[in-house]
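A.B. asks: Here's my sequence, what's the structure:
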Amino acid sequence: MKSSYEKYYDERAKGYDPEGFGDDRFSNVKEFVKSTGTNRRILDIGCGNGWISTLYRQEGDEIYGIELVDLSIQRSRKRGIKVIKGNLEEPLPLKDRSLDIIVASEVLEHLFFPENLLREANRVLKDYGTFVLTVPNIHNLKNRIDILLGRNVRFIEYPPNMEHIRHYSKKGMIQLLKKAGFRVLEVRGNSWHMSSKLLFRILWFMHGGNRGLKLILKFLSFGKSNEDNPALILRHHFSRILGKLLPTFSGGLIFRAVKIRPVR
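C.D. replies: Reported below is the predicted structural model:
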């Protein structure tokens, strides 16, 4: 019989679609993972419907997933992910030092004991294997302002806390990773609270909807953006720049770490 916990996430999975998220967390995850080469054994912890894994999959890669929800498991397997059903509060059903990369995107905030999962990630990673993870940033600029003004703080107070059990800051997560045998190589921010509608209106007013603006922006971004909306292009690149310069104030955090020692 399924627990109430499993039933709840079964229901949530019906409407879950990370493709609809409007921030740049996945572009950073993709960049970090793809930079490690090809022919890798990768584990996506809490893989959901498997869409995120398809972003960084390269020729020769073998991708595994750990997921609790049956519907998400079915969707992931259709995308070629080798999914194992499992509870992340329990030991990972994988051999020691069997993986090159682990990805955990928006997972740790849903766990009561994330320290256990970090130790398990250390166990199943090869020496100097890569660990990429993303979490919401409790110290983001919006939260700081809301606390100062006495407002309801998103993800802390209910509603809407989005089932977030644990909360993390840049410094706090670095300490957790260090204790679990990892060295953090890079931290970036994402999910800046910027309105593309306001940017679009300003650009439209200044340039009269000039299509040439789109070409200029694509040129300045070295053609990396496929967006036709110039406001979305600007928002994407502002977010990327701010994420590298001021991750402490961003809505979310992306960590790239490497295993430097085993822990028990």
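A.B. asks: quick one, helices of this structure?
C.D. replies: 4-13, 25-34, 51-56, 70-78, 114-124, 141-148, 170-179, 196-207, 211-220, 230-245 (DSSP state H).
A.B. asks: Show me what counts as buried in the second one.
C.D. replies: Going by neighbour count (16 or more other C-beta atoms under 10 Å), the buried part of helix 25-34 is Arg25, Phe26, Ser27, Asn28, Val29, Lys30, Glu31, Phe32, Val33. Glycine gets a C-beta too; all of them are placed from N, C-alpha and C.
A.B. asks: elements contacting that helix?
C.D. replies: If contacts are counted by 3 or more C-beta pairs under 8 Å, 6 or more residues apart in numbering; DSSP states H and E, helix 25-34 sits against helix 51-56, strand 99-105, strand 125-136, strand 182-190, strand 252-259.
A.B. asks: do you know which of the ones you listed lies nearest Gly86?
C.D. replies: Nearest to Gly86, of all the helices and strands packed on helix 25-34, is strand 99-105, at 13.3 Å by C-beta to C-beta.
A.B. asks: what angle separates the closest one from helix 114-124?
C.D. replies: 160 degrees (axes from the mean of the first three to the mean of the last three C-alpha atoms, to 10 degrees).
A.B. asks: Go ahead and measure how far strand 99-105 is from the middle of the chain.
C.D. replies: 11 Å (C-alpha atoms, centre = their mean, to the nearest Å).
A.B. asks: Can you list the strands that that strand pairs with?
C.D. replies: Sheet pairing of strand 99-105 (DSSP bridges) gives strand 41-45 (parallel), strand 125-136 (parallel).
A.B. asks: okay, the helices and strands packed on helix 25-34 in a markdown table with distance to Gly86 next?
C.D. replies: Shown next, in a markdown table, are the helices and strands packed on helix 25-34 (distance: least, C-beta to C-beta, whole Å):
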| stretch | distance to Gly86 |
| --- | --- |
| helix 51-56 | 16 |
| strand 99-105 | 13 |
| strand 125-136 | 17 |
| strand 182-190 | 22 |
| strand 252-259 | 21 |
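A.B. asks: Least confident of those, on average?
C.D. replies: Here the helices and strands packed on helix 25-34 differ in mean pLDDT, and the lowest is helix 51-56 at a mean of 88.
A.B. asks: ok, and what's touching it?
C.D. replies: Residues outside helix 51-56 that contact it (C-beta atoms under 8 Å, 6 or more residues apart in numbering): 17-19, 26, 29-30, 33-34, 42, 44, 47, 63, 65, 76, 79, 81, 103, 105.
A.B. asks: And these, which of them are buried?
C.D. replies: 26, 29-30, 33, 42, 44, 47, 63, 65, 76, 79, 81, 103, 105.
A.B. asks: just for this structure, where's the confidence low?
C.D. replies: 1-25, 155-162, 192-237 (pLDDT under 70).
A.B. asks: sorry, back to before: pick the one among the buried residues of helix 25-34 closest to Phe238.
C.D. replies: For the buried residues of helix 25-34, the nearest to Phe238 is Ser27 (13.6 Å; C-beta to C-beta).
A.B. asks: Farthest-apart pair in the buried residues of helix 25-34, please.
C.D. replies: Counting by C-beta to C-beta, the most remote pair of the buried residues of helix 25-34 is Arg25 and Val33, 12.6 Å apart.
A.B. asks: Ile165 against His110, yeah?
C.D. replies: Yes: counting by C-beta atoms under 8 Å, His110 is a contact partner of Ile165 at 6.1 Å.
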